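**Student:** Turn this into a structure:
(one chain, ligands or ions: 2)
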Amino acid sequence: MSIEQGNLSYLNTPAVGPWGDYLKQIDRVAPYLGSLSRWIETLKRPKRVMMVDVPIKRDDGTITHFEGFSVVHNNSRGPGKGGIRYHPDVSMPEVMALSAWMTIKNAALNLPFGGAKGGIRFNPGEYSTGEVERITRRYTSEVNIVLGEQWIPAPDLGTSAREMAWLMDTFSMNRGHTDYAVVTGKPVSLGGSLGRQEGTGRGVYVVTCEAAAKLGIDVSQAKVAVQGFGNVGGIAAKLLHEHGAKIVAVQDHKATVFNDKGLDIPTLIRYASLNGSVAGFKEASETADRGAFWGVDCDIMIPAALEQQITRENAGSIRAQLVVEGANGPTTPEADDILSDKGVLVVPDVIANAGGVTVSYFEYSQAQQSYWLTDEEIGARLTRSMREAFGGVWAISKEKGISLRTAAFIVGCTRVLEARDMRGLYP
Ligand SMILES: NC(=O)C1=CN([C@@H]2O[C@H](COP(=O)(O)OP(=O)(O)OC[C@H]3O[C@@H](n4cnc5c(N)ncnc54)[C@H](O)[C@@H]3O)[C@@H](O)[C@H]2O)C=CC1
Ligand SMILES: O=C(O)CCC(=O)C(=O)O
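**Tutor:** Ligands and ions are numbered 1, 2, ... in the order given. Predicted coordinates:
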C-alpha cells in the first residue's frame, strides 16, 4: 500500500474525515512555500502516535476498558501543545488531525510549541465523577512517557480545569515532584492562569470584531448564530451579547433554539448549565430539524462544536457574511470553496480559536517562573496577540488573493518548515 499523501499504511488510516481535510489544506498551501515545500511530507506525518488501554474499576465493581490516544504531530519548534478530548467518537485519525492543526496554530501565533493532542473515546456524561477521575488518572499514567517534554496538554471538548488538576496530580505523583508546567488550563488555585478558561472564547470575540470591521459589519448591531454552547461557544456568545450583538440561534448536541429578537445569553448559559443542554429553553422557539440552523438569517456564524459541520451539503444555505471557526476543523475544504464563491469570509480555526493556547502559553511561562500576571495583563496580551495574528494573515490574504486559511497556513507552515530545515537531518 502506498504511504504517499499521508495515507499511513501502518495505521490503516485513509485520507478521509478530519485527517483528509487537513491533508487537503496542506496540499493547498504547498505551492506557496517555495523551496521549503521539499519538507512538506513532514507535515503529513505525525511524529509519534500512541494508543493506550485505559482500564478502570467501575462504581459497581466491574472492569471497563477505554481506548486512549495521544499524538505528537510535530515538535520542530518545541514540545507539542494541545488539548485532551473526551467524546464517544474520538478516534486515532481525528486526534491526528487535531494535533496537526495545533502544529499550524501554534506556529501561526508564533508560540514556542509544536503540535499535539490526546483523547479518550467515551461520553463523560454517562459516568460518575469518580469514574471520570479514575479514567483520567489511568490515561495520564499510560501516556506518562510523552508528558512534559513532548506533550503539554490542556482542556478540549469534554474536559475542563477539573481533569487538568487530576492529570497534574497524577503526573506529579508518578514523577515524585510537583510540576505545574506539565499541563495548562488548570484551576487558578493550582497554578492555572487567570483568563485561560475564557481565553478561547475571548479570542474568538476579538477576531470576530477585527474581521467584522473589515467587512463593514457593526458587531453591536449584528445577528449571530452559534453552534456549540460550551466553553468556546458559550463565552464567545456571552461577550458578543455584552457588546450589543443579537444571538439569534444556538445549537448544541441536543437542540437548536432560535429567537430573532436575540436570546438572553446569561439566562441561557445558566439554563444550559443546570439542564445539560439548551433544549426546552422557554424564551425561544425550538426545531427538531438540525439542518435549519445553517440557513438562519444572521450576519455572523460561529461553529464552536465539532469537525466537518459545514459541508458541501449545507454551505450553500449559509446566509452569514462572516464565519468564525471556534471549533477545530468545522469547515470541509469543499465547503470552503462554496463559501468563497458566495463571498463569505471564513476566519480559520488556526487563528480564530488560538486564544486558548495563547493563554496556555502564558500559563506555562508563569508556572516555570512562579510569577503570576493579573487578569488585565493577560487580557491585554491576548488581545494584542490575536489582533496581530489576524492582521498579518489578512494582509497576506489580500496581497496574494487567497483565503485566510491558506494565508494562515503559509505563516504556520513556513515557521515549522524553516525550523525543520535549520535543524537538518541526522546524516
Ligand atoms: N476548550 C478550548 O480551550 C478550545 C476548544 N476548541 C475547540 O472548540 C470546540 C468546542 O470545544 P469546547 O467548547 O471546549 O467544548 P465543550 O465540551 O465545553 O462544549 C461543547 C459544546 O458543543 C456541543 N456539541 C457537541 N456535539 C455537538 C453537535 N453534534 N452539534 C452541535 N453541538 C454539539 C455541546 O452540547 C456543547 O455545548 C471543539 O472543536 C474544540 O476542539 C478550540 C480551541 C481551544
Ligand atoms: O491550550 C492548549 O494548550 C490547547 C488548546 C486546544 O486544544 C486547541 O487550541 O485546540
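**Student:** what's the neighbour count on the residue of the stretch 251-400 of the chain found nearest ligand 2?
**Tutor:** In the stretch 251-400 of the chain, the residue that lies nearest ligand 2 is Ser360 (3.3 Å; Cβ to the nearest ligand atom). (C-beta placed from N, C-alpha, C; glycine too.) Here the number of neighbours of Ser360 (other Cβ atoms under 10 Å) works out to 29.
**Student:** what's the spacing between the most centrally placed residue in the chain and Val95?
**Tutor:** Nearest to the mean C-alpha position of the chain, counting by Cα atoms, centre = their mean, stands Asn328 at 4.3 Å. Distance of Asn328 to Val95, given as Cβ to Cβ, to the nearest Å: 11 Å.
**Student:** Tell me the residues on the stretch 151-300 of the chain that lie near ligand 2, please.
**Tutor:** 154, 156, 184-185 (Cβ under 6 Å from any ligand atom).
**Student:** actually the stretch 301-427 of the chain, not the one I wrote
**Tutor:** Contact residues, the stretch 301-427 of the chain versus ligand 2 (Cβ under 6 Å from any ligand atom): 328, 353, 356-357, 360.
**Student:** The strand ranked longest in the chain - what's its average pLDDT?
**Tutor:** Longest strand in the chain by number of residues (criterion: DSSP state E): strand 63-74. Strand 63-74 carries an average pLDDT of 98.
**Student:** If we go by neighbour counts, what in it is buried?
**Tutor:** By 16 or more other Cβ atoms under 10 Å, the buried positions in strand 63-74 come out as 66, 68-74.
**Student:** so which residue of the chain comes closest to ligand 1?
**Tutor:** Proximity to ligand 1, evaluated over the chain using Cβ to the nearest ligand atom, is greatest for Gly230 at 1.8 Å.
**Student:** ok, now which ones touch Lys254?
**Tutor:** 276-279 (Cβ atoms under 8 Å, 6 or more residues apart in numbering).
**Student:** what bridges to the residue lying closest to Gln150 once chain neighbours are set aside?
**Tutor:** In space, and not counting its chain neighbours, Gln150 is closest to Val72: 5.1 Å by Cβ to Cβ, 6 or more residues apart in numbering. Counting by DSSP bridges, Val72 is bridged to Arg48, Ala116.
**Student:** Likewise for Lys81?
**Tutor:** According to DSSP bridges, the partner residues bridging Lys81 are Gly115, Ile152.
**Student:** Next up, the contacts around it.
**Tutor:** Contacts of Lys81 (Cβ under 8 Å, 6+ apart): 102, 106, 111, 113-116, 151-152, 154, 184, 357, 360-361, 364.
**Student:** ok, now with 7 Å
**Tutor:** Residues near Lys81 by Cβ atoms under 7 Å, 6 or more residues apart in numbering: 102, 106, 113, 116, 152, 357, 360.
**Student:** List just the nearest of those residues to Val219.
**Tutor:** Closest approach to Val219 among these (Cβ to Cβ): Val357, at 23.9 Å.
**Student:** sorry, back to before: so which of the contacts of Lys81 are in strands?
**Tutor:** Using DSSP E, the members of those that fall in strands are 116, 152.
**Student:** Could you dump the contacts of Lys81 into a markdown table with distance to ligand 1 and pLDDT added?
**Tutor:** Below are those laid out as a markdown table (distance: Cβ to the nearest ligand atom, whole Å; pLDDT from 0 to 100):
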| residue | distance to ligand 1 | pLDDT |
| --- | --- | --- |
| Met102 | 9 | 98 |
| Asn106 | 12 | 98 |
| Phe113 | 14 | 98 |
| Ala116 | 13 | 98 |
| Ile152 | 14 | 98 |
| Val357 | 7 | 98 |
| Ser360 | 8 | 98 |
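**Student:** pretty sure Val224 belongs to a strand, no?
**Tutor:** Yes: Val224: assigned to a strand according to DSSP: H, G, I helix; E, B strand; the rest coil.
**Student:** residues near it, how many?
**Tutor:** By the measure other Cβ under 10 Å, the count of residues near Val224 is 28.
**Student:** Quick check: the nearest residue in space to it that is not next to it in sequence vs Leu345, distance?
**Tutor:** Distance criterion Cβ to Cβ, 6+ apart; nearest residue to Val224, sequence neighbours excluded, is Ile300 at 4.6 Å. Going from Ile300 to Leu345 by Cβ to Cβ gives 10 Å.
**Student:** rewinding a little: now do the phi/psi pair for the residue of the chain closest to ligand 1.
**Tutor:** phi -100, psi -140 (degrees, to the nearest 10).
**Student:** Report the inter-axis angle for the helix or strand containing Ala408 versus strand 63-74.
**Tutor:** In this structure, Ala408 sits in helix 404-423 according to DSSP states H and E. Here helix 404-423 runs at an angle of 80 degrees relative to strand 63-74 (axes from the mean of the first three to the mean of the last three Cα atoms, to 10 degrees).
**Student:** Give me the buried positions along stretch 374-389.
**Tutor:** For stretch 374-389, the neighbour count (16+ other Cβ under 10 Å) marks 378-379, 381-383, 385-386, 389 as buried.
**Student:** ditto for stretch 146-159
**Tutor:** In stretch 146-159, counting by 16+ other Cβ under 10 Å, buried: 146-148, 150-159.
**Student:** Hmm, which of these is lowest in pLDDT?
**Tutor:** Lowest pLDDT among the buried residues of stretch 146-159: Gly148, 94.
**Student:** Let me see the contact set for that one.
**Tutor:** 179, 182.
**Student:** Report the buried members of the contacts of Lys254.
**Tutor:** Looks like the contacts of Lys254 have 277-278 buried, using 16+ other Cβ under 10 Å.
**Student:** now, the most widely separated pair of the contacts of Lys254?
**Tutor:** Among the contacts of Lys254, Gly276 and Val278 lie farthest apart (Cβ to Cβ), at 9.5 Å.
**Student:** Any figure for the gap between the spatially closest residue to Asn144 that is not a sequence neighbour and Val143?
**Tutor:** Leaving aside its chain neighbours, Asn144 sits nearest to Asn174 (5.6 Å; criterion: Cβ to Cβ, 6+ apart). Per Cβ to Cβ, Asn174 is found 11 Å from Val143.
**Student:** Kindly report the same for Leu274.
**Tutor:** 34 Å.
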